[in-house]
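[1] I need the structure of the sequence given here:
(chains A, B, C, D, E and F)
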Amino acid sequence: MSMKKNYVVETIRKAQLAQLLAGGKRMDERRLDQTRELKIETGLIQKANGSARVTLGNTQVIAGVKIATGIPFPDTPDKGILMVNAEILPMSSPYAEPGPPSEGAIELARVVDRGIRESEMVDLSKLSLVPGKSVVAVFVDCNVMNVDGNLFDAMSYAVVSALRTAKMKKYAVKDEKAEATDQWVPVPVERTPVSVTMARIGEKLVVDPNTEEEASMDMRITITTDDDGNICASQKGEASFISPAQVLEAADTSIRVGREIRAKIMEATK
Amino acid sequence: MSMKKNYVVETIRKAQLAQLLAGGKRMDERRLDQTRELKIETGLIQKANGSARVTLGNTQVIAGVKIATGIPFPDTPDKGILMVNAEILPMSSPYAEPGPPSEGAIELARVVDRGIRESEMVDLSKLSLVPGKSVVAVFVDCNVMNVDGNLFDAMSYAVVSALRTAKMKKYAVKDEKAEATDQWVPVPVERTPVSVTMARIGEKLVVDPNTEEEASMDMRITITTDDDGNICASQKGEASFISPAQVLEAADTSIRVGREIRAKIMEATK
Amino acid sequence: MSMKKNYVVETIRKAQLAQLLAGGKRMDERRLDQTRELKIETGLIQKANGSARVTLGNTQVIAGVKIATGIPFPDTPDKGILMVNAEILPMSSPYAEPGPPSEGAIELARVVDRGIRESEMVDLSKLSLVPGKSVVAVFVDCNVMNVDGNLFDAMSYAVVSALRTAKMKKYAVKDEKAEATDQWVPVPVERTPVSVTMARIGEKLVVDPNTEEEASMDMRITITTDDDGNICASQKGEASFISPAQVLEAADTSIRVGREIRAKIMEATK
Amino acid sequence: MEGAKVAGTRKLIDGKGTRLDGRKWDELRPISLQVGLMKNADGSAYIEWGKNKIMAAVYGPKEVHPKHQVLPDRALLRCRYHMAPFSVDDRKNPAPSRREIEISKVTREALQPAVIVEDYPRTAIEVWIEVLQSDGGSRCAGITAASLALADAGINMRDMVVGCSCGLIEDTVVSDLDDTEDKEGDGDMPVAIMPNLGQVTLFQVDGIYTREKFQKAFELAIEKGKQIYGMQRAALNARFFGGEGAVTQVEEAAE
Amino acid sequence: MEGAKVAGTRKLIDGKGTRLDGRKWDELRPISLQVGLMKNADGSAYIEWGKNKIMAAVYGPKEVHPKHQVLPDRALLRCRYHMAPFSVDDRKNPAPSRREIEISKVTREALQPAVIVEDYPRTAIEVWIEVLQSDGGSRCAGITAASLALADAGINMRDMVVGCSCGLIEDTVVSDLDDTEDKEGDGDMPVAIMPNLGQVTLFQVDGIYTREKFQKAFELAIEKGKQIYGMQRAALNARFFGGEGAVTQVEEAAE
Amino acid sequence: MEGAKVAGTRKLIDGKGTRLDGRKWDELRPISLQVGLMKNADGSAYIEWGKNKIMAAVYGPKEVHPKHQVLPDRALLRCRYHMAPFSVDDRKNPAPSRREIEISKVTREALQPAVIVEDYPRTAIEVWIEVLQSDGGSRCAGITAASLALADAGINMRDMVVGCSCGLIEDTVVSDLDDTEDKEGDGDMPVAIMPNLGQVTLFQVDGIYTREKFQKAFELAIEKGKQIYGMQRAALNARFFGGEGAVTQVEEAAE
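    Purely as a prediction, here's the structure:
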């Protein structure tokens, strides 16, 4: 039989892990607020308008951007459409299964979407073509290729990197009809939101948890910040609580770590 | 563990129930053709065009009307659209489950819909805006909140009461385009159909069966009558038979009981 | 309990069957390249534009053609639409079940569709009405009524026969709008593709396998040929291999047997 | 059934009580029945009734899957009424509609009273009804055929079940509505009966009936059902005593 | 939540800090709570909060189906947040949306820390939240009601859970956003707390907050939650000590 | 594959037998193979073939869920061929299409003859093929990568499986059609072989072939398959003997 990572053993290690953390140490020697190695490759999918493969430790996500024209939502007739979807591929982990998106995959996609949307990363008003009738629709689909914890951040960085490097046709509007020209322009990206996810194990928050740490965590919190250090989205997860003080600590960590990550994303997508 | 109503005991009581009924008595002291207390509250959902909460004994149903413009069906280009749907909420009973509508919920919605539709309660020809292109579409959605037997009648009374009190925007048609004006008008209600459901336990028909009686019934029959005592819809249910004589008896009962119920509905929705 | 065909016994017979075949004989006395009796009845569904019931041995399939106007696919703006679907009815076999189409039913429909499409049986360019806007859409739905092996060929013959005898309204185009006239014309059929399916049992290929033979086969190959003996579609099935020489042998058999079957289809649909 | 009535500009019935297709008010459309056509099914019957063309087939008693649906004291009766995509004027989506789900339920409840399910505890009996071409009254035709298919499968039965729909056109009570009469008429009342036991197993009504016409239509449906029962019997006789492999084609005698 | 913000031409808050509905920046909308209305459920609570009208009901502890979901050492907590089709301005499709699926998940995770699930191994506890009419803050209102329903069902709990959303309108921190403020405002921060344990169990943010305003909104949400907890307690007291069958209607005292 | 052919106004192949991308009639597009990139999977391989970019990964042998699918005498081979929404020109709906379901089936049937499933009774072996970018011949590329991934997972195999599609453009037999040639050309014939056993495990045809051209295309596909097999072997060698963690990039030698 194949050798799978033994999650039972990991669960037994929980106490050990918490003890280590109390002393400020992690199994893989990282500092508590240290992320794993981040690798960003863009442009690998030529058929997409933009794409990025993000490798965060052993977690790998590929995001692809597809752009088309669409009809605006009735309540925002003069704004373009942005949609973020996620599929956790069955190849990504021994526990993933094919089929319609699980509750977890839906939360993942929505939390990443919220970070992008709420930071006003893409200026949707610049994607309006014919108010009430025609807008540019931007679809960002993500394939989770390999799971080793912290899908939220890996996917968020992939989406941000794909959008930052995406090109779309310039549209010409004539007689209330939008037609694609031959000219390529960038997607109107205004901000670079960065999501930072922390797990609580025992009493401590650790940044960018891997699978082993996630197996031992009680609580997860993701906070997205923008270029000015503003907080623009957050999501607490898992069936446990967090103290008010720890929420504020997490906010400060997310601003500090977010700044470092943003620099890496900017560098990789300039 | 929580204390649930014991349906096994109810099944054992079946003989006892039949014996009581042979003597003209019911467990809850009602006459065979007596309905439970009926309470109708309207207007509780301000965001709906009309709404009603019907409490029939311990059975409770909330109906909400939503009105929008739509495209007519190809075979009735000059008639509006009326749709009745039902969801038996998982909170309504220990046996209800979330998910797509069961066979029973589909039958429930369709039988209630049939009574409304066949009685010509709503004059659908008055809901035509631009023939073949645009009509008023009336959606009536029902939430079954608590189940204690006879969902058919409780839901039917809720739908009728919600429609009788529903208001819709008046539409102005200009250049083949329908636009809502600021004026509110009632839905064109012409008739007040009333559904009466009977259960056969042993040899007897009882009106408005509760859950305990439904657990003992062999056969269920619902007959809907209109303001003039005409019969406009019926449905026999359950895997048993009914004698021709009993069908006619049920028809007479439904006319008689329907008249009383109609008076209550008219009173509550005037 | 009902008496079902015993598939276990059939599996045990596999060696016996292979031995018989090695001597050039089949259980039902057919030659290796001999099809079962083929019966084609057309026109049985008057509400369809065309229909055919094909009985091949004890396998029975009914195909019905429905024709309507539709919107062309974006990549073929000046071509009509042809769709072939299959439902293996639960009544057709003790092993069939109601529900969405299985993997096998999808393969069946797609392989039959491919034979019709690739042979260019129907000239889709003649089904264009208003380029890019309106075309004739031809739906062929198949009901598998009884399963006794070789659904591929029975269904293919049913679809071909139904299309060869189908009539459609002639459309008049005025101001870029297509309207049906009162005149009936045939569907523009140009070719008569014939599918021939073979099963490998032991070392031998047998044409038109029945259920018993399919239970013993390792590999299935379907080859469709056109009026000129060209090969226009093929599909190998089952989790086994085929030698290159046997592929070529199957091709020659499909041309030879296809010619005989085509004559029967032409006769039945003239 | 549902779908608002089309206000017909034409008359469906003339002053002499003659209908569009030439029938009198209480006449049936032509009916033919054949038993035992399907090879794999344990029992089957094919009915043509007006333009209806319907195949019914029965499997069972057989093992119940999934197991948790087993009934310890009787057979589980399953029933599917399904329309082929090509059976109606506009192509029907193959997925079961809400209408088909409801008809499957009332059909099962119409057949079960006649099946001695207690004789087959812990088994399933499956009834598959496929409407190849649809006309008015397809549920009644399906029930009539399914009852024959159950008998053909050798399932123990208390009685046959036979259905006929009566109704109103232009306020006249008529028997056996066809598609046009169903759509443009004023009411439809499908009724199924067990003819020897004199009991009703399917009863549905739509339309607007005075109490008097309600009774007249109902009693007419029962009378017509008994008449069709004669054809059912003949079809079964032909199947079992008409020689090996014989099938039966019973045309209704002119009234 | 999602759906881009509508650029409101109107002012949501005036120079004196008065909001469109007349509230001050830190005022709550009217809230009323009733416990124990539903007959079949093991526990229930109904909340009206602004225009929100939400029923929560609890079943359990009960047997787990399907069996493979059984947890050997604790109860399985199930939670569904669902909106009635008529609860919003445009009719909502009855099938659960992605938004409802996410809210069901975070609601379950907000309630579970308060439920002593270890006391009920191998059972299921089901929480059904039905939004009959929706206004801003419906998830917090649902959690507040569900916590009461759990208590009404007699489930062992460490603490109550109470939710309140605060946020930003025109860069001012405000409490308890209504629908208009949620859609046209600048940020929404739903928070649920266990008031006695002083812990946060639901925390979501959208909008753009400086670090300072983030903290101010967050602390306001906690303060408001504690205030609503007083009403929860009163509602439970009324249910259990207010006489047989009594229900409670607690209006918030004017601030 | 399906979808009517587009009548190309351009020539796909010129008088000298040169194709739009400069290849000769029997030339392959560039292919590169890498084995063992995925961390969690038991085996994996990545292929770039023309513009195709495909990842294949294998899990197993592992326990079978649900239990009733267990095969007592051999492994259950599962296979999914799936296209990423961004892999094609117009965004693809993530739900599996009928085309993907069929390709998953024929891919499984193409791989299974090479897997010694009898060595792993009562287990499941899962093959996941994800098309990140799609070009002509993606099913053959997927099979070629999946066979490497099975070998990388250490699954016992009788032989490798390698696929190549040949076909017709403007009535000329050509090898390895790209997207444009597939859509605008006259026929496509995907073939997979077990190169050492000399057997065909995938065989599909569309187009219109004379008997002679049919044979020519088929034999060309086999010949090209054998050529690609050389690259498979080199990739495996690099994986297992090329030093720890090494991966391989094998470019086809110019012909």
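[2] On the three-state scheme, the closest residue to chain A within chain D is what?
    Proximity to chain A, evaluated over chain D using CB to the nearest CB, is greatest for D:Ala95 at 17.0 Å. To be clear about C-beta, it is placed using only N, CA and C from the backbone, and glycine gets the same treatment. Of the three states, D:Ala95 takes coil according to DSSP: H, G, I helix; E, B strand; the rest coil.
[3] which one is it nearest to, not counting chain neighbours?
    C:Pro100 (7.5 Å; CB to CB, 6 or more residues apart in numbering or on different chains).
[4] residue boundaries of the strands in chain D?
    In chain D, the strands defined using DSSP state E lie at D:31-35, D:43-49, D:52-62, D:76-83, D:124-133, D:162-169, D:172-175, D:187-194, D:199-209.
[5] quick one: stretch D:96-113 near chain E?
    No - contact of stretch D:96-113 with chain E (CB under 8 Å from any CB of the partner chain) is absent, the minimum separation being 13.1 Å.
[6] that older thread, tell me which of the strands of chain D approaches A:Asn85 most closely.
    strand D:76-83 (34.7 Å; CB to CB).
[7] quick check: angle from the closest one to strand D:52-62?
    Angle, strand D:76-83 to strand D:52-62, by axes from the mean of the first three to the mean of the last three CA atoms, to 10 degrees: 160 degrees.
[8] Stretch A:35-54 vs chain C: in contact?
    No - Stretch A:35-54 stays clear of chain C (CB under 8 Å from any CB), getting no nearer than 15.0 Å.
[9] how close does the residue of chain D closest to chain A sit to D:Pro66?
    22 Å (CB to CB, to the nearest Å).
[10] any idea how far the closest residue to chain D within the stretch 101-250 of chain A lies from A:Ala63?
    Residue of the stretch 101-250 of chain A nearest chain D, by CB to the nearest CB: A:Pro101 (21.9 Å). To A:Ala63, A:Pro101 is 16 Å away according to CB to CB.
[11] likewise A:Ala96?
    18 Å.
[12] what's the answer for D:Ile228, then?
    65 Å.
[13] neighbour count winner among the two?
    Counting neighbours by other CB atoms under 10 Å in any protein chain shown for D:Ile228 and for A:Ala63 shows that A:Ala63 has the greater number, 32 against 26.
[14] Now that one: closest residue in space that isn't a chain neighbour?
    Among residues not flanking A:Ala63 along the chain, A:Ala158 sits closest, at 3.7 Å (CB to CB, 6+ apart).
[15] Where does the one you found sit: helix, strand or coil?
    A:Ala158 - assigned by three-state DSSP - is helix.
[16] so it touches A:Thr55, yeah?
    No - counting by CB atoms under 8 Å, A:Ala158 sits too far from A:Thr55 to count as a contact (9.6 Å).
[17] of the two, who's got more company?
    A:Ala158 (30 against 22).
[18] residue contacts, the more buried one?
    Contact analysis of A:Ala158 by CB atoms under 8 Å, 6 or more residues apart in numbering or on different chains lists A:Ile40, A:Ala52, A:Arg53, A:Val54, A:Val61, A:Ile62, A:Ala63, A:Cys142.
[19] Now the two most distant members of those residues.
    A:Ile40 and A:Cys142, at 14.0 Å, using CB to CB across the contacts of A:Ala158.
[20] More neighbours: which of these two?
    A:Cys142 (31 against 21).
[21] Local confidence estimate at the more buried one?
    pLDDT for A:Cys142: 98.
[22] coming back round to it: would you mind measuring from the residue nearest to D:Ala95 to B:Ala251?
    For C:Pro100, the distance to B:Ala251 - CB to CB - is 42 Å.
[23] A:Asp208 too?
    73 Å.
[24] and the two? which has more neighbours close in?
    Higher neighbour count among A:Asp208 and B:Ala251: A:Asp208, with 25 against 22, using other CB under 10 Å.
[25] Quick check: nearest residue in space to the more buried one, chain neighbours excluded?
    Per CB to CB, 6+ apart, closest to A:Asp208 is A:Thr35, 4.1 Å.
[26] Quick check: the one you found is in a helix.
    No - under three-state DSSP, A:Thr35 sits outside any helix and is assigned coil.
[27] neighbours around it, how many?
    19.
[28] how near is the residue nearest to D:Asp152 when sequence neighbours are not counted to F:Ala146?
    Nearest residue to D:Asp152, sequence neighbours excluded (CB to CB, 6+ apart): D:Gly43, at 3.4 Å. Going from D:Gly43 to F:Ala146 by CB to CB gives 47 Å.
[29] Repeat that for D:Gln112.
    D:Gln112 is 50 Å from F:Ala146, by CB to CB.
[30] give the contact list for the spatially most central residue of chain A.
    Among the residues of chain A, the one closest to the centroid is A:Ser156, at 1.4 Å (CA atoms, centre = their mean). Residues in contact with A:Ser156 (CB under 8 Å, 6+ apart) are A:Val112, A:Gly115, A:Ile116, A:Pro193, A:Val194, A:Ser195, A:Thr224.
[31] Do you know the pLDDT at it?
    98.
[32] Helix, strand or coil: sort out the residue nearest to it when sequence neighbours are not counted for me.
    Closest residue to A:Ser156 apart from its sequence neighbours, by CB to CB, 6+ apart: A:Ser195 at 3.9 Å. At A:Ser195, secondary structure determined by three-state DSSP is strand.
[33] Just give me the neighbour total for A:Ser195.
    30.
[34] Next: A:Glu41.
    Using other CB under 10 Å, A:Glu41 has 14 neighbouring residues.
[35] Got the phi and psi for it?
    Backbone torsions of A:Glu41, given as degrees, to the nearest 10, read phi -120, psi 130.
[36] gap between D:Gly17 and B:Met27?
    51 Å.
[37] quick one: which of these two has more around it?
    Legend: neighbour count by other CB under 10 Å for D:Gly17 and B:Met27, higher for B:Met27 (15 against 12).
[38] Done for today, thanks.
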